[in-house]
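>>> After the sequence you'll find the predicted model.
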Amino acid sequence: QVQLVESGGGLVQAGGSLRLSCAASGRTLSSYVMGWFRQAPGKEREFVAAVKWTGLVTNYADSVKGRFTISRDNAKNTVYLQMNSLKPEDTAAYYCAAALSTYRLSNPSEYNYWGQGTQVTVSS
């Protein structure tokens, strides 16, 4: 079992930045592919970014490429999502997820463990 706890969400103006953290406990994070997803009210959960075990391979949704950066510190059992140039359409609850392996990094059904989420609100 892996327990995931997100933090770092909040209210920010458009153009601002936030850094989300996802702390894992229960098992070492290095065994898992890690992803960030988000869900806005009335919308389906969507893929944001993912990073493979060593941190060398990453994948991003087109909507966040060039603005968001995912990284991981396996020694600290923590994954980060640096979000820059935030837009009102980035407003959502952001979830951290872990998968032992994935065929498609962007497929939420392939992730085994999920955090409770942290709210990000971007005002215009």
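In hand now; what should we look at?

>>> where in the protein is pLDDT low?
For the chain, applying pLDDT under 70 flags no range at all.

>>> which residues does the residue nearest to the spatial centre of the chain bridge with?
Relative to the mean C-alpha position of the chain, the nearest C-alpha, by C-alpha atoms, centre = their mean, is the one of residue 36, at 2.2 Å. In this entry, residue 36 is beta-bridged to residue 49, residue 96, by DSSP bridges.

>>> didn't it look like it was pressed against residue 72?
No - counting by C-beta atoms under 8 Å, residue 36 sits too far from residue 72 to count as a contact (11.0 Å). For the C-beta atoms, the positions are set from N, CA and C on the backbone; glycine is no exception.

>>> between those two, what contacts are shared?
residue 79 (C-beta atoms under 8 Å, 6 or more residues apart in numbering).

>>> number of nearby residues for residue 79?
Counted with other C-beta atoms under 10 Å, residues neighbouring residue 79 total 29.
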